[in-house]
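Chemist: the amino acid sequence is not available; the structure is as follows:
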């Protein structure tokens, strides 16, 4: 087999990966920049740079826990307050 090109995995590729260890690897790869973005968001909230409502806090916390649990929806549905800190996102 000849490899023509290598592209980074995206959330769009996730649907084509069968469930199992391969999908977990993909989720871990996609999760890394989201966790970095969450850390930035969390720091901004802690320092008082950003204010969040109770609803936003609950939604972001539920998303974060789902992301740690490698739930597929968490990679696809990034909360708006966190999404602005994801590198490489328009």
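Modeler: Done, it's in. Here the structure is a predicted model, which means the values were calculated and not measured.

Chemist: do a quick rundown of the helices in the chain.
Modeler: 21-46, 54-68, 72-76, 80-83 (DSSP state H).

Chemist: quick one: those as TSV, columns for mean pLDDT too.
Modeler: Formatted as TSV, the helices of the chain follow (pLDDT from 0 to 100):
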stretch	mean pLDDT
helix 21-46	91
helix 54-68	97
helix 72-76	92
helix 80-83	94
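
Chemist: can you pull the buried residues of stretch 56-73?
Modeler: 56, 59-60, 63-64, 67, 72 (16 or more other CB atoms under 10 Å). Just so you know, the C-beta spots here come from the backbone N, C-alpha and C atoms, and that holds for glycine as well.

Chemist: show me the two of those that sit farthest apart.
Modeler: Spatially, the most separated pair among those is 56 and 72, at 22.5 Å (CB to CB).

Chemist: how far away is the one residue sitting closest to the centre of the chain from residue 83?
Modeler: Taking CA atoms, centre = their mean, the centroid of the chain lies closest to residue 34, which sits 3.4 Å from it. Distance of residue 34 to residue 83, computed by CB to CB, to the nearest Å: 9 Å.
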